[in-house]
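S.K.: This is the structure alone, sequence omitted:
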């Protein structure tokens, strides 16, 4: 099945810093989503982005499907951005089954 | 603000007991997914439904787990008998073509 690798596994920032999280995948994708799991465990949709670029406030994401990677940018980070960021992909075939990466754990210090 | 709801939020039970977890998907969503999250395995898909029909439960231990959708507003995941290795957070998610939205999860502890 499709493989998903996220980097870095851990990231520590000072409030106000910018960061880039990466997701590599091993096959073409029908679906790619970024999620934020907050410290209380809730998984929150950030972006549905199988290709192209989207922005939502301080967060933006870019997927280059032909090169099989996606990037999540966080600008002017805040302590509330702390948590784990997951990339999840659906491989070819239309099954709607998402395969999750292991996540990037982000800690933003005040 | 439409959300996926799950009950109970926390469950502590003894080994051998039956556990039932419930999920109410977002109205209008036609796919429902059950995931399990552990430190060791991360997020794993257990089963999913489209239009209430089970499509794939290959991620689920068949001898003790079962998943059903008795109607469009309710999905259930049962474990019988439960074992300590079933301790995990169980998430339900619903979607309507591609995007999936997750519930708050049920944290299960089996002693």
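M.R.: It's in. Quick caveat, the model's predicted, so the values are computed rather than measured. Numbering: from 1, shown residues only, chains lettered A, B, ... in the order given.
S.K.: Wondering if stretch A:58-65 reaches chain B at all.
M.R.: No. Stretch A:58-65 lies out of reach of chain B by Cβ under 8 Å from any Cβ of the partner chain, never closer than 13.2 Å. Where you see a C-beta, it was placed from the backbone N, CA and C, and this is true even at glycine.
S.K.: any low-confidence regions in chain B?
M.R.: Regions of chain B meeting the criterion pLDDT under 70 cover residues B:1.
S.K.: Write out the residues of it neighbouring chain A.
M.R.: Of all the residues in chain B, those in contact range of chain A (Cβ under 8 Å from any Cβ) are B:31, B:33, B:42-43, B:45, B:48, B:50, B:55-56, B:89, B:91, B:93, B:95, B:98-102, B:104-105, B:107.
S.K.: go again using 7 Å as the cut-off
M.R.: Those residues of chain B that sit near chain A, judged by Cβ under 7 Å from any Cβ of the partner chain, are B:31, B:42-43, B:45, B:48, B:56, B:89, B:91, B:98-102, B:104-105.
S.K.: Which of the residues you listed are buried? Put it as a PyMOL command.
M.R.: Buried residues within the residues of chain B next to chain A, as defined by 16 or more other Cβ atoms under 10 Å in any protein chain shown, are selected in PyMOL through the command that follows:
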select buried, chain B and resi 31+43+45+48+56+89+91+100+101+102+104+105
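S.K.: Pick the one among the residues of chain B next to chain A closest to residue B:5.
M.R.: Comparing those against residue B:5 with Cβ to Cβ places residue B:104 closest, at 7.7 Å.
S.K.: surely the closest one meets residue B:7?
M.R.: No. Here residue B:104 does not reach residue B:7: they are 9.7 Å apart, not a contact under Cβ atoms under 7 Å.
S.K.: Which parts of chain B are strands?
M.R.: Counting by DSSP state E, the segments of chain B that form strands are B:5-7, B:10-13, B:19-24, B:31-38, B:42-50, B:53-56, B:65-71, B:74-79, B:88-95, B:100-102, B:106-110.
S.K.: cool, and chain A?
M.R.: Counting by DSSP E, chain A has strands at residues A:4-7, A:10-14, A:19-25, A:31-37, A:43-48, A:52-56, A:59-64, A:69-74, A:83-90, A:99-100, A:104-109.
S.K.: So which residues on chain A come close to chain B?
M.R.: So far as Cβ under 7 Å from any Cβ goes, chain A lies against chain B at A:31, A:33, A:41, A:42, A:43, A:45, A:48, A:96, A:97, A:98, A:100, A:102.
S.K.: Kindly recompute the last result at 8 Å.
M.R.: Contact residues of chain A with respect to chain B, defined by Cβ under 8 Å from any Cβ, are listed as A:30-31, A:33, A:35, A:41-45, A:48, A:50, A:86, A:88, A:90, A:95-100, A:102-103.
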